[in-house]
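just need the structure, nothing else, for what follows:
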Amino acid sequence: MRVLAAALAAGTLLATAACSGGGDSPGAASGTASTVAERPPAAQRTTPSSTPGGELTKAGARSALITESDLEDDWNLVKDPSTWRDSLLLGDVDAAEFLTGRSDAQDCKRLMDSLYDETLLGSPSGASAVTGFEQGDSRLYYQVAAYEKADLDQSMEWLKSLPSACDEFTLTGGDHGDRTVQVVERTLPEEGEARQGLTVSVKGTSDGDPVTLTLDVAAVQVGANAITVTNGGLDGADHDSTDAAVAQGTPRLTEVLAGGTPKPTPSGVE
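Sure, this is the predicted structure:
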């Protein structure tokens, strides 16, 4: 009798399972009972604060900034890099030098203005953070920021056009007379979804003496976010430091967007 009762109970369970989750129809295989069983309890479910390509917060932007340890050589952190301005970059572009006319001249003017006020990719639409470092007469400006995706895409395309559109031109006016400007493309580490590097040199005079301001310019895109680097001075641009900023900074931004917190770079690590 016990054997018979056990068999009847097993048959009842099989029949119940067939009614609730069995059958040949697709809907039956993905029923509510199955969905609930696979979903962990609410206490075990977690929602990351951000995902790759997610929204950059102010705290996240600050966390994504590089430090002195991410750079080579003897860079020192400064308190307020937003006050940096070099008047050698100010002036009007001599449009008469351009074969294609006014359009290219306007692009070159935009480049010089954006280098002066550190708006290389335009104004951020979301969170942003900046930091800066000095080494002798050279300065390195580093920004992490969120933008409108379409605007950022256009800005990256604009940067890519500059070595061809601008190449070499004359900057007039200002306090330094006529200056010769050269824009040369340079290769950056393979980081981010898109990247563009430039070296911009401005030859002119300061207090009657000939000077050359050389700046490395780098922009790396990660979704609707980007890092920008401007590095150089009257003593030239340290290309290795520009590359280090890109190579160390882009993974930090990517990790922040994935909901993580980058660990500090150990002192002495290149």
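
looking at this protein, which helix or strand is least sure?
Ranked by mean pLDDT, DSSP states H and E, the weakest helix or strand in the chain is helix 32-38, scoring a mean of 31.

next SSE after that one?
Later in the chain than helix 32-38, the nearest helix or strand by DSSP states H and E is helix 58-63.

now do the very next helix or strand once past that next one: everything it contacts.
Once the chain leaves helix 58-63, the next helix or strand it forms, by DSSP H and E, is strand 76-77. Residues outside strand 76-77 that contact it (Cβ atoms under 8 Å, 6 or more residues apart in numbering): 67-68, 131-135. For every residue, glycine as well, the C-beta is placed using N, CA and C.

restricted to buried residues, select these in ChimeraX.
Only the buried entries of those go into this ChimeraX selection, using 16 or more other Cβ atoms under 10 Å:
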select :67,131,132,133,134,135
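
out of the contacts of strand 76-77, flag the one nearest to residue 59.
The shortest approach to residue 59 among the contacts of strand 76-77 belongs to residue 131, at 14.6 Å (Cβ to Cβ).

that closest one pairs with what?
Beta-bridge pairing of residue 131 under DSSP bridges involves residue 142.

likewise for residue 195?
Residues in beta-bridge contact with residue 195 (DSSP bridges): residue 220.

and it, how far is that from residue 256?
18 Å (Cβ to Cβ, to the nearest Å).

more neighbours, these two?
Between residue 195 and residue 256, residue 256 has the larger neighbour count (other Cβ atoms under 10 Å), namely 26 against 22.

what's the helix or strand for the more buried one?
helix 239-257.

which parts of that helix are buried?
Neighbour counts over helix 239-257 (16+ other Cβ under 10 Å) mark 239, 241-250, 252-257 as buried.

what's the answer for stretch 136-146, then?
Neighbour counts over stretch 136-146 (16+ other Cβ under 10 Å) mark 138-146 as buried.
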